[in-house]
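**Q** Attaching a predicted model along with its sequence, questions to come.
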Amino acid sequence: ILLLNRSEMIGNVRVVGVLLACAALARAANSTTATPGYSGDQCESEIFPCSNKIGGNLVLIVFYGLTLGVAAKLISDGAELLLDLNFPAAIVGGVVLPVLGAVPDSAMILVSGLGPGAQQQLSVGMGTLAGSTILLLTVAWAFSLLVGRVDIHTRPDGSKQGLDKTCTRFSFLTQGVEVNTSIKWVAAGMLATSLPYLIVQSSDWVFGPTKINVPQPSYVKWAAFATMIICFIGFVLYLVSQVESARRGNNAKVLEHEKKKRIIVSAAHAFLNAAIAQQARNIPVVGESAEEGASRQNVIDNTVRNAASKWKLKTRANAVARNGVPSGSAEDIHVNINDVAPLVKATEQEAEEEEPKWRVAVKSVSQLVLGVGMVTFFSDPMCDALTALTDPANQHIPIGAFYLSFVVTPLCSNASELVSSILFAMKKEKENISLTYSQIYGACIMNNTLCLGVFCALIFFRDLEWYYSAEVTMILVFEAALGAVALTCRHIYPLWLLLPVLAFYPLSIGGVAFLENVLHWG
């Protein structure tokens with residue numbers, strides 16, 4: 001059902017091959033039994049492999065990480081296919097896409113607090129929450145600025161303007177990106193939805209963030225409950241705002257999808273015209289015999305028909321969209337193109353035709369079901385492997401589970417969105433770069449509402465302790481910093497911001513380590 005055309009079949013076969021290779025290594029890692037007296041997960045599951053060795057757990061993390069990355073990509077692709085059906089764009093773009101986009105991170109947070117040893121494994125959930133937010137606000141933000149940079153022109157009145165698609169030389173002072181003024185409102189929404197962190201965190205500050213061996217008072221749990229309620233309310237309000245934005249035609253996901261479709265259609269037409277022109281130039285016309293004329297016509301016909309194959313059109317169209325192909329104007333063609341005009345027109349109409357709705361629906365549902373199923377199935381063993389790799393009862397890496405999950409799990413769950421946003425920013429257009437930053441700040445809003453709400457629900461309903469003052473402090477600091485950039489820089493982000501924003505990523509990890517090991521927070 002999933003492999004509906006040749007190009008996707010080849011891509012999925014490669015992915016399955018990588019996963020099977022990792023699975024074989026993971027199975028080999030299962031040959032090692034747990035050490036005597038190990039009080040944690042004793043590989044009780046008969047389904048998932050496990051290990052008490054560093055090498056074995058690293059292999060497991062790679063396998064589960066690749067699997068979760070594929071699952072996140074399936075969810076993203078399946079959700080975007082819903083826009084090709086007859087569902088209202090406001091509902092799909094405003095509700096379905098944001099919710100499904102947050103499924104991988106939410107699932108990882110949820111499973112970290114459900115199993116045995118939840119208090120220890122909950123550090124993986126916090127690492128996922130903090131790592132995802134800070135990765136988006138630093139690495140994704142900075143690389144989008146780098147690849148989307150254009151020359152900044154100063155008008156006579158002193159105002160500045162970005163010149164689309166104009167990038168003459170690398171300069172920290174005279175280059176940057178220009179975004180729409182609407183981005184500052186999305187950034188303001190991120191700042192507003194970060195405030196619920198202060199509710200539960202303030203209760204821990206009152207109790208004392210250094211008191212880690214003392215039972216926490218009940219008001220910390222109730223503060224987590226209040227935070228959960230406010231987060232879910234903010235989540236609903238954000239979805240409502242996204243629905244209204246989609247109705248007005250300003251939803252980032254919907255605009256990006258429509259723009260991709262326009263690029264593919266126009267690039268396909270350019271390729272068709274170039275192919276016909278190239279064949280026409282290579283075949284002589286003057287003095288040709290009837291047989292030669294028929295041969296020329298067959299070559300042109302076959303060229304057009306082959307080019308019209310959908311899998312080939314998509315491949316060539318992507319290349320055209322990146323590099324550009326001459327359109328093959330009539331002046332460059334030395335034969336009477338009117339002879340093949342009906343064929344060209346029919347072929348272009350074929351290229352514009354969409355897949356049957358039933359096939360798109362089956363493909364979308366299949367990808368969504370498989371993606372969500374894979375996330376649900378593999379999040380728990382991924383959490384176990386991350387915890388086992390840092391467990392002192394095993395051969396372990398002497399760092400906390402938080403630091404490992406801070407780096408690893410966000411890359412797995414956000415890799416496809418990260419690459420997609422950066423590639424979209426490479427178009428070096430104001431509209432594209434605005435969509436990219438809107439997605440980055442919007443994803444942070446989802447983390448501040450849905451993901452934080454799930455985390456606080458675990459604290460309250462599972463009666464867990466809140467030991468995350470250091471992590472939450474770093475989230476608030478960097479959300480405030482990047483939110484302030486959007487509000488103060490307004491519509492021009494200068495390129496020199498690249499250096500401090502990129503430095504924020506290692507600084508965030510160092511900041512957590514300082515607060516935990518020097519100030520003994522948590």
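**A** Noted; the coordinates are in hand.
**Q** Break down this structure into its strands, ranges please.
**A** Secondary structure of the chain by DSSP state E: the strands cover 150-154, 160-162, 175-178, 492-494.
**Q** State the mean pLDDT of stretch 451-470.
**A** When pLDDT is averaged over stretch 451-470, the result is 92.
**Q** Can you give me the buried ones in it?
**A** Neighbour-count burial for stretch 451-470 flags 451-460, 464-470 (criterion: 16 or more other CB atoms under 10 Å). Glycine gets a C-beta too; all of them are placed from N, C-alpha and C.
**Q** related to what we said a few turns ago, would you turn the strands of the chain into JSON lines with distance to Gln395 and mean neighbour count?
**A** Below are the strands of the chain laid out as JSON lines (distance: least, CB to CB, whole Å; neighbours: other CB atoms under 10 Å):
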{"stretch": "strand 150-154", "distance to Gln395": "51", "mean neighbour count": "17"}
{"stretch": "strand 160-162", "distance to Gln395": "53", "mean neighbour count": "18"}
{"stretch": "strand 175-178", "distance to Gln395": "46", "mean neighbour count": "24"}
{"stretch": "strand 492-494", "distance to Gln395": "45", "mean neighbour count": "19"}
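**Q** Among these, single out whichever gets nearest to Gly400.
**A** strand 492-494 (33.9 Å; CB to CB).
**Q** For the closest one, give me every contacting residue.
**A** The contact list for strand 492-494, computed with CB atoms under 8 Å, 6 or more residues apart in numbering, reads 145, 152, 160, 162, 172-173, 175-179, 485.
**Q** please redo it, this time with the cut-off set to 7 Å
**A** With contact meaning CB atoms under 7 Å, 6 or more residues apart in numbering, strand 492-494 is reached by 145, 152, 160, 162, 176-179.
**Q** nearest to Leu389, of those?
**A** When the contacts of strand 492-494 are compared against Leu389 (criterion: CB to CB), the nearest one is Leu145, at 33.8 Å.
**Q** Contact partners for that closest one?
**A** 177, 493, 495, 497-498.
**Q** with these in mind, which one is nearest to Ser51?
**A** Taking the contacts of Leu145 together and measuring to Ser51 by CB to CB, the closest member is Leu498, at 40.0 Å.
**Q** Give me the distance between the closest one and Cys451.
**A** As for Leu498, its distance to Cys451 is 27 Å (criterion: CB to CB, to the nearest Å).
**Q** got it, and Asp77?
**A** In terms of CB to CB, Asp77 sits 22 Å off from Cys451.
**Q** now, among the contacts of Leu145, which is nearest to Thr390?
**A** Leu498 (32.4 Å).
**Q** quick one: low-confidence ranges for the stretch 301-450 of the chain?
**A** Scanning the stretch 301-450 of the chain with the threshold set as pLDDT under 70 gives 301-355, 416.
**Q** which residue ranges form the helices in it?
**A** 310-323, 341-352, 357-389, 401-425, 430-446 (DSSP state H, counting those that start in this stretch).
**Q** Check the ones you listed for me and report the most buried one.
**A** helix 430-446 (a mean of 24; mean count of other CB atoms under 10 Å).
**Q** Contacts for it, please.
**A** For helix 430-446, the external contacting residues (CB under 7 Å, 6+ apart) are 98, 101-102, 133, 136-137, 140-141, 144, 148, 162, 164, 177-180, 183, 186-187, 189-190, 193, 238, 252, 255-256, 421, 424-425, 479.
**Q** change it to 6 Å
**A** For helix 430-446, the external contacting residues (CB atoms under 6 Å, 6 or more residues apart in numbering) are 98, 102, 133, 136, 140-141, 144, 148, 164, 177-180, 183, 186-187, 189-190, 193, 238, 252, 255-256, 421, 424-425.
**Q** cool, stretch 177-187 as well?
**A** With CB under 6 Å, 6+ apart as the test, stretch 177-187 has contacts from 145, 148, 162, 430, 433-434, 437-438, 441, 483, 486-487, 491-493.
**Q** which stretches of the stretch 151-300 of the chain aren't confidently modelled?
**A** 158, 164, 249-300.
**Q** The residue nearest to Ser171 when sequence neighbours are not counted: what's it in contact with?
**A** Spatial nearest neighbour of Ser171, chain neighbours left out: Leu495 (6.9 Å); criterion: CB to CB, 6 or more residues apart in numbering. By CB under 6 Å, 6+ apart, Leu495 lies in contact with 149, 172, 175-176.
**Q** repeat that with 7 Å
**A** For Leu495, the contact set (CB under 7 Å, 6+ apart) comprises 145, 149, 171-172, 175-176.
**Q** Among the contacts of stretch 177-187, which one lies nearest to Tyr197?
**A** Nearest to Tyr197, judged by CB to CB, of the contacts of stretch 177-187 is Gly483 at 13.3 Å.
**Q** Which residue is the nearest non-sequential neighbour of that closest one?
**A** Spatial nearest neighbour of Gly483, chain neighbours left out: Leu191 (4.2 Å); criterion: CB to CB, 6+ apart.
**Q** Please report how far that neighbour lies from Thr227.
**A** Per CB to CB, Leu191 is found 16 Å from Thr227.
**Q** Please say which of the two ends up with more neighbours.
**A** Thr227 (27 against 20; other CB atoms under 10 Å).
**Q** Can you get me a residue count around Ala107?
**A** Ala107: 25 neighbours (other CB under 10 Å).
**Q** ok, it touching Thr376?
**A** Yes. Counting by CB atoms under 7 Å, Ala107 touches Thr376, with 6.2 Å between them.
**Q** Ser421 and Ser144 touch, don't they?
**A** Yes. Ser421 is within contact range of Ser144, at 6.1 Å (criterion: CB under 7 Å).
**Q** Endpoints of stretch 386-403, how far apart?
**A** Counting by CA to CA, to the nearest Å, you get 10 Å between the two ends of stretch 386-403.
**Q** As TSV, the contacts of strand 492-494 with distance to Thr409 would be great.
**A** TSV is the format used below for those (distance: CB to CB, whole Å):
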residue	distance to Thr409
Leu145	25
Ile152	37
Lys160	39
Gly162	35
Gly176	32
Val177	29
Glu178	34
Val179	29
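**Q** how about those residues, which pair is most distant?
**A** Leu145 and Lys160 (15.2 Å).
**Q** related to what we said a few turns ago, next, show the common contact partners of Ala107 and Thr376.
**A** Counting by CB under 7 Å, 6+ apart, Ala107 and Thr376 have no common neighbour.
**Q** count of neighbours near Trp205?
**A** Neighbour tally, Trp205, other CB under 10 Å: 13.
**Q** Kindly report the same for Gly101.
**A** 24.
**Q** From Leu370, how far out is it?
**A** Counting by CB to CB, the gap from Gly101 to Leu370 is 16 Å.
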